Every structure is written in structure tokens, then in C-alpha cells.
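**Student:** Task: produce atomic coordinates for the following.
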Amino acid sequence: MAGEIESMASNMRSKMRGDTKSSSTPCIFRIPSILRRHNKEAYMPNAFSIRPFHHGEKHLEDKEKIKFDYLQGLLDRNGDTEATLMKCIREITNYETTARECYAEEILMNKQAFIEMLVLDGCFIVELFRKDAGEVGKSENDPIFSTSCMLQFLHHDLILLENQIPWFVLEHLFWSTRGSSETKSLLQLALDFFDNIFSSEKSPIQLDIFANQEIQHILDLLRSSLVLPLGKQQGQEESSLSWHPIPSATSIKESGISFRKVRAQSILDVKFSRGTLEMPSILIQETVEPAFRNLISYEQCYPNCSPRVTCYAILLDNLINNEEDMEELSESGILINWLNPHDTTQFFKMLYHDAFLKKFHYQKLCWEVNEYQQKLWPKWRAFYAHNYFAKPWAIVSQIVAAILLVLAFLRTIYSMK
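**Tutor:** Here you go, the predicted model:
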């Protein structure tokens with residue numbers, strides 16, 4: 001018995017010493033099953049695997065040739081193909097351990113396979129961004145840019161949490177292969193590639209906001225592009241979760257609150273001022289659900305990550321209860337919907353289910369809207385405008401009634417003289 005106890009204790013001690021220890025600074029995670037179950041397709045690559053999590057999946061294998069074609073083109077353009085390839089491999093070899101630590105589970109690939117994977121996938125992404133921005137030329141028969149569906153696949157696949165590659169790997173490969181005629185940074189190339197993923201009407205992002213920001217990967221960059229323009233606003237100090245949900249869009253309008261579309265660097269920049277809810281426009285298209293779901297999953301998994309995107313999803317769910325609410329936001333120019341109206345309504349209802357919040361960043365905004373909604377004058381004004389000024393004949397009748405009232409008043413005064 002004593003021997004068995006000692007054996008079990010020794011086994012547990014070895015595990016605590018680090019035999020099964022997870023990485024110390026993970027930023028690339030498997031999607032938790034509790035979140036994945038709501039829409040599995042939103043987390044799975046359609047065509048391109050940025051390994052290792054989806055390495056070897058049959059439906060993704062045929063796209064590996066495209067990656068090698070892009071790598072070959074990148075190397076050929078730099079003149080000394082062999083020297084450039086060796087430089088890339090040497091550069092990434094120096095960061096193998098750091099790269100492995102970025103994944104939240106142990107990567108079982110050996111050193112050679114792991115480094116070859118990072119070099120191939122990283123060079124493919126860098127070359128893709130360069131071609132998309134026109135930094136380098138692309139052939140008429142380019143396998144991605146000559147096929148309409150491929151770019152759509154990539155806009156989906158490159159934002160998946162399970163399909164990320166460490167940003168510093170991309171940076172090292174970018175600088176190791178940069179041509180003298182190139183002018184844009186990797187940061188600018190990546191932002192340009194995903195420029196219209198959330199909105200086609202936003203203001204340009206100032207790159208200096210990323211100056212002191214440590215980017216983890218492409219998905220983290222997208223989140224940072226939404227969060228950093230907000231600065232310290234929207235109550236980062238607020239920690240209470242005892243907020244009252246914001247009313248639906250139609251209820252808000254009936255209470256006398258109006259909607260106004262504004263231009264901003266981030267769709268998260270929602271404000272309430274003097275009876276007007278100001279919101280940047282958001283584009284609802286095929287990749288917006290995978291983008292939101294993976295961003296929310298990232299906020300749930302990454303340590304000390306503020307749930308800014310999750311809070312925005314909750315705010316939209318409060319505003320959109322049915323198709324009438326969606327129509328109200330569409331008429332205001334805030335919602336640009338390319339999908340079926342019913343599907344869009346349901347999408348917002350399910351977007352953040354099973355996500356946990358420690359902080360709600362629109363708490364103050366919701367409080368201000370709810371307080372304003374309790375005032376009587378805005379309600380009366382909205383009711384009167386809706387019932388008596390909504391149609392031309394109603395407007396005419398109000399004008400006639402006003403004229404008759406004035407005439408009656410004057411007649412009364414005249415008769416008293």
C-alpha cells in the first residue's frame with residue numbers, strides 16, 4: 001500500500017513540475033466547447049489551414065500548393081532564392097520556443113516540422129497582404145486574386161482564433177523578405193486587407209495608436225483596431241454588472257430618442273447625447289459572424305482581456321429584438337444589412353451566449369438612455385410627431401387646425417371690443 005501511495009505521489013509531483021504544464025503566455029487557443037456548440041462552422045477554416053491546430057484535415061490539403069507557390073514567388077523576387085530561404089528559416093529557428101509558448105496546448109510537431117510550418121504559413125500571409133495592397137505584382141492567373149471565392153475564404157479563415165500564427169513570426173518574415181520599393185508596414189498591410197470587415201464608412205485608423213501595443217496575432221490586431229481608438233472612454237473604471245439593458249430600437253424611438261449615424265474609427269464608439277444615440281454604421285455580411293464569434297472567444301480565453309467586443313454584441317442584442325428594430329436602425333444608416341433580415345435578427349440574439357462578463361463597458365450609456373426614456377416631454381413630442389406629422393395629409397390638417405384656432409382667437413378678441 002505504501003509503495004502505491006508513493007508512486008501516485010511521485011506521478012502527481014512530476015506533473016506539477018511541468019510535464020503537462022500549459023504555455024506561460026498563451027494567446028492562441030482552442031475554442032471552448034461551450035462556445036463552439038452555437039455555430040461550429042464559424043470557428044472552422046473553409047479552405048486554408050494556418051496550422052498546427054487544423055493540420056492534416058483533408059478538405060484543406062489541396063490549398064497547400066498555393067502556399068508553396070506564394071513562397072516560391074516571394075523568394076524568386078528577392079534574387080538569391082536560397083539565401084533568402086535560409087535567412088527566413090534561421091530567423092524563425094531563433095524564436096521556436098517563444099512561438100511554441102504562444103499556443104495554449106502542447107504542440108507535438110518536431111522542431112523541423114514546426115519551423116517549416118511557421119515559415120511556409122507566415123510567408124504565404126505576408127505575400128498575400130503585399131499582393132492585395134499592390135506592394136508587389138500579381139499574375140493574371142494568380143490562384144487567389146483571379147478567383148472570386150478565394151479572397152472571401154481568406155477573410156474568413158485568417159480571423160479564426162484556432163487559425164492564428166504569432167504576430168512576431170510574421171514581422172520577422174516580413175522584414176527578412178522586404179523589398180527596397182515597398183513602402184507600407186506589415187501593420188498597415190494587414191489593416192488594409194481587413195479594411196471593410198466591419199464597416200465601409202469608418203474613418204481611417206491612425207497607426208500611432210499601436211505604438212506601444214504588443215500585437216499577438218491577426219485576430220488580436222483586429223480587436224485592437226476596434227478597442228484602441230476608444231482610449232479611456234466608456235467607463236473602464238466601471239466594474240458593476242447591475243445594469244439595466246438598453247431598450248429596443250423601436251422602444252427608444254417611441255420614447256423620443258433619435259438615432260444618428262456618425263463616422264468614427266471604431267464601430268464600438270457608441271455615445272448618447274441630448275436625446276440622440278450616436279452610432280457608427282456596421283456592415284452585416286458573410287464574415288461578420290465568424291469575426292464577432294472569434295473575437296468574443298478570444299476575449300473569453302486571453303488572460304486579463306477586457307470584453308469590449310462582447311459588450312458591443314450585448315448592446316446590439318438589446319437594440320435588435322425583431323425585424324422592426326433592425327429596419328429602424330437600417331433607416332438611420334446605422335445597420336447596413338447584406339443578409340436575410342430574419343437571419344440577421346437571430347444572429348444578434350445568439351452571438352454572445354455562454355460568454356461571461358466581469359465588466360460592462362456601456363453601463364453608463366444604458367443608464368443615461370433609460371433615465372431619458374422616463375421623461376414625459378420627449379415621449380409626448382415623439383407621439384405627436386408620429387401620429388400627426390407622419391403623413392402629408394396629417395401635416396395639412398394640423399396647419400389648417402392651427403389657422404382656424406388663430407382665426408377663432410382673433411374673432412373672440414375683436415368681438416370683445
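**Student:** where do the strands sit along the chain?
**Tutor:** 258-262, 271-273, 276-280, 282-284, 335-337 (DSSP state E).
**Student:** Now mean neighbour count too, for those strands, in JSON lines please.
**Tutor:** Using the backbone N, CA and C atoms, a C-beta is placed for each residue, glycine as well. Formatted as JSON lines, these follow (neighbours: other Cβ atoms under 10 Å):
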{"stretch": "strand 258-262", "mean neighbour count": "16"}
{"stretch": "strand 271-273", "mean neighbour count": "15"}
{"stretch": "strand 276-280", "mean neighbour count": "20"}
{"stretch": "strand 282-284", "mean neighbour count": "19"}
{"stretch": "strand 335-337", "mean neighbour count": "20"}
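**Student:** Mind checking those strands for the one nearest to Cys366?
**Tutor:** strand 271-273 (8.9 Å; Cβ to Cβ).
**Student:** tell me how far the closest one is from the chain's mean position?
**Tutor:** 22 Å (Cα atoms, centre = their mean, to the nearest Å).
**Student:** can you give me the mean pLDDT across that strand?
**Tutor:** In this model, strand 271-273 has a mean pLDDT of 93.
**Student:** what do you get for stretch 228-242?
**Tutor:** 63.
**Student:** try stretch 174-187
**Tutor:** 94.
**Student:** which parts of that stretch are buried?
**Tutor:** By neighbour count with 16 or more other Cβ atoms under 10 Å, stretch 174-187 contains the buried residues Phe174, Ser176, Thr177, Arg178, Lys184, Leu186, Leu187.
**Student:** In contact with the last one, which residues?
**Tutor:** I take that to be Leu187. Leu207, Phe210, Ile215, Leu221 (Cβ atoms under 8 Å, 6 or more residues apart in numbering).
**Student:** what about 7 Å?
**Tutor:** Leu207, Phe210 (Cβ atoms under 7 Å, 6 or more residues apart in numbering).
**Student:** State the distance from Ala264 to Asn163.
**Tutor:** Ala264 sits 29 Å away from Asn163, going by Cβ to Cβ, to the nearest Å.
**Student:** How about Glu6?
**Tutor:** In terms of Cβ to Cβ, Glu6 sits 45 Å off from Asn163.
**Student:** neighbour-wise, which of those two wins?
**Tutor:** Asn163 (24 against 10; other Cβ atoms under 10 Å).
**Student:** How about that one: what's its closest non-neighbour residue?
**Tutor:** Leaving aside its chain neighbours, Asn163 sits nearest to Ile50 (4.5 Å; criterion: Cβ to Cβ, 6 or more residues apart in numbering).
**Student:** number of nearby residues for the one you found?
**Tutor:** Ile50 has 27 nearby residues by other Cβ under 10 Å.
**Student:** With Asp343 instead?
**Tutor:** 11.
**Student:** Over to His59?
**Tutor:** 12.
**Student:** The buried residues of stretch 174-187 in helices, which ones?
**Tutor:** Phe174, Ser176, Leu186, Leu187 (DSSP state H).
**Student:** Now tabulate the residues you listed in a markdown table and tack on distance to Met150.
**Tutor:** Formatted as a markdown table, those follow (distance: Cβ to Cβ, whole Å):
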| residue | distance to Met150 |
| --- | --- |
| Phe174 | 22 |
| Ser176 | 26 |
| Leu186 | 21 |
| Leu187 | 24 |
